[in-house]
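# Okay, here's the prediction I keep looking at, along with the sequence it came from:
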Amino acid sequence: MLNYQTVRFDRAYGTVNQLKPSTYPEIAFIGRSNVGKSSLMNAIFRRKNLVKTSATPGKTTSINFFPVDKVNFVDLPGYAYAKRSKAERKRIGELIDGYFESGRRIALTFLLIDIRHDVMKSDIIMASKLMENEIPFAIIFTKADKLSKAKGERQMRELCGQLNVPGDTVALSTSVTKKTGINEVRSYIEEALRK
Ligand SMILES: Nc1nc2c(ncn2[C@@H]2O[C@H](COP(=O)(O)OP(=O)(O)O)[C@@H](O)[C@H]2O)c(=O)[nH]1
Ligand SMILES: [Mg+2]
């Protein structure tokens, strides 16, 4: 079992060239701006605000590494944030693509999707890039507290269909406010690291 008490912030990378080759397997978190990546990482770590969260989207514009024992947790910048300049969107797109295309030791990527909303084109593109690059990934539906259990389960099936991912893709749902689904995410991380 990973000892999450050892978690710390290592460093932020603003360009793909700065990335050093993977020393440890990586667990990556990707999704739209404001979907809940940083909040989920804090919940997994049992930390309040180690990973900076924000009510306003578009805050993370770098790739941030958080080592836990001999595993690196990676907070990626959010995509699809309309209020960024065209140049900034391009830089972030290149950063995300570069991370997934540079042959790193990615043990698992969590693609986060807000359980309340239809997926966006950018989510479908992201899922297809993960598949293209043969990156192991699972879906996490965030903000599950916003829907009833039955509605949430229907929505998970519906959104997996919209994403065009294989039928056996693992999909979990989480709520950081109600602390549900977090243990399942931790277990799935352990499973992925054993492979
Ligand atoms: N209700 C609810 N709000 C959440 C949840 N996860 C994140 N949020 C809120 O969503 C906003 C964006 O979260 P953040 O973690 O910064 O998203 P990021 O941009 O993907 O890193 C913040 O206001 C969070 O408090 C959740 O499970 N339930
Ligand atoms: Mg964030």
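Yes, it's here. Ligands and ions are numbered 1, 2, ... in the order given.
# show me where the chain has helices.
Taking DSSP state H as the criterion, the chain contains helices spanning 37-45, 86-101, 121-132, 149-163, 182-194.
# which of those is buried the deepest?
helix 37-45 (a mean of 23; mean count of other Cβ atoms under 10 Å). Quick note: C-beta positions are derived from backbone N, CA and C, even for glycine.
# For that helix, give me every contacting residue.
4, 7, 29-31, 48-54, 60, 66, 68, 73, 75-76, 78, 110, 112, 140, 142, 174, 176, 179, 182, 185-186, 189 (Cβ atoms under 8 Å, 6 or more residues apart in numbering).
# out of those, who's near ligand 1?
31, 53-54, 78, 142, 176 (Cβ under 6 Å from any ligand atom).
# Can you name the residues of this structure that neighbour ligand 1?
Taking Cβ under 6 Å from any ligand atom as the criterion, the chain approaches ligand 1 at residues 31, 33-39, 53-55, 57, 78, 142-143, 145-146, 175-177.
# Quick one: list the elements packing against the lengthiest strand in the chain.
Determined from DSSP state E, the single longest strand within the chain is strand 106-114. If contacts are counted by 3 or more Cβ pairs under 8 Å, 6 or more residues apart in numbering; DSSP states H and E, strand 106-114 sits against strand 26-31, helix 37-45, helix 121-132, strand 137-142, helix 182-194.
# switch to 6 Å and redo it
Packing partners of strand 106-114 (3 or more Cβ pairs under 6 Å, 6 or more residues apart in numbering; DSSP states H and E): strand 26-31, strand 137-142, helix 182-194.
# Looking at those, spot the one closest to ligand 2.
strand 26-31 (8.5 Å; Cβ to the ion).
# how about that closest one: buried residues?
26-31 (16 or more other Cβ atoms under 10 Å).
# Now that strand: average pLDDT?
Average pLDDT, strand 26-31: 98.
# strands paired with that strand, and their directions?
Sheet partners assigned to strand 26-31 using DSSP bridges are listed as strand 71-75 (parallel), strand 106-114 (parallel).
# Please report how far the residue nearest to the spatial centre of the chain lies from V185.
The centroid of the chain falls nearest to F29 when counting by Cα atoms, centre = their mean (2.0 Å). F29 sits 10 Å away from V185, going by Cβ to Cβ, to the nearest Å.
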